[in-house]
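>>> this one's sequence-less:
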């Protein structure tokens, strides 16, 4: 069964805390976005100012060009899953460090990045994030052609967990899950809802 994971995308410590507390009231997990202003065009809350809520399954999406330079902060966050970008530098070293630390590792693919790049890292990851939105931002429209990439990942790497990031709403979530996605990260559709819990429950019911 697929699950909904609310996303926090902010550069503000106060908003980070507010969003974390809100999400903890209705969800089992959270997806934390971190961006360096280089791989992604925006800078988000620095890793050294972030923290996790132990009551939530925590996924950290590291949109950094050189994540190895921040590996101590990444490990300090103690996330259940760390997702690095295939388009970043030093990915192999970082994946090995995460593996040595006992941290689950995932690889994110931008729309233009072919899935064949994943073969470079076989044995070092068990999660793939299909990115279909606007890197470093919430909102915008999902590129639904990326469902084809989800199908391809599922076919080539049948034992890998697949997540989706970008433009999820109540009109496209069923199609996304049908493509083989088991973790659906949802940002602005929940954040901007009048009643985030009610919206979360609606999305959950659509994919149950």
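Arrived safely, thanks for sending. What you are looking at is a predicted structure, and each value in this text was computed from that prediction instead of being measured. Numbers count the residues shown, from 1 in each chain.
>>> Next, find the distance separating the closest residue to residue 178 other than its chain neighbours from residue 168.
Among residues not flanking residue 178 along the chain, residue 147 sits closest, at 7.9 Å (Cβ to Cβ, 6 or more residues apart in numbering). No exception for glycine: its C-beta is placed from N, CA and C like everyone else's. The gap separating residue 147 from residue 168 is 12 Å, by Cβ to Cβ, to the nearest Å.
>>> overlap in contacts of the two?
Residues touching both residue 147 and residue 168 by Cβ atoms under 8 Å, 6 or more residues apart in numbering: residue 176.
>>> Next up, the contacts around the residue nearest to residue 178.
Contact analysis of residue 147 by Cβ under 8 Å, 6+ apart lists 175, 176, 178, 179.
>>> Pull out the buried residues from stretch 27-45.
Neighbour-count burial for stretch 27-45 flags 27, 29-36, 39-40, 44-45 (criterion: 16 or more other Cβ atoms under 10 Å).
>>> And for residue 96, the neighbour number?
13 (other Cβ atoms under 10 Å).
>>> Off-centre distance for the helix or strand encompassing it?
Here residue 96, judged by DSSP states H and E, is contained in helix 91-101. Chain-centre distance of helix 91-101: 18 Å, with Cα atoms, centre = their mean, to the nearest Å.
>>> Residues contacting it, please?
Against helix 91-101 from outside (Cβ under 8 Å, 6+ apart): 67-68, 71, 74-75, 82, 84-85, 88, 104-105, 107, 120-121, 124-125.
>>> Who are the packing partners of the helix or strand bottoming out on mean pLDDT in the chain?
Least confident element among the helices and strands of the chain, by mean pLDDT, DSSP states H and E: helix 188-191 (a mean of 94). Helix 188-191 sits against strand 3-8, helix 196-207, with contacts defined as 3 or more Cβ pairs under 8 Å, 6 or more residues apart in numbering; DSSP states H and E.
>>> The residue positioned nearest the centre of the chain in helix, strand or coil?
In the chain, the residue lying closest to the centroid (Cα atoms, centre = their mean) is residue 61, at 4.9 Å. Three-state assignment for residue 61 (DSSP: H, G, I helix; E, B strand; the rest coil): strand.
>>> Just the pLDDT at it, thanks.
For residue 61, the model assigns a pLDDT of 98.
>>> quick revisit: could you pull up the mean pLDDT of the helix holding residue 96?
97.
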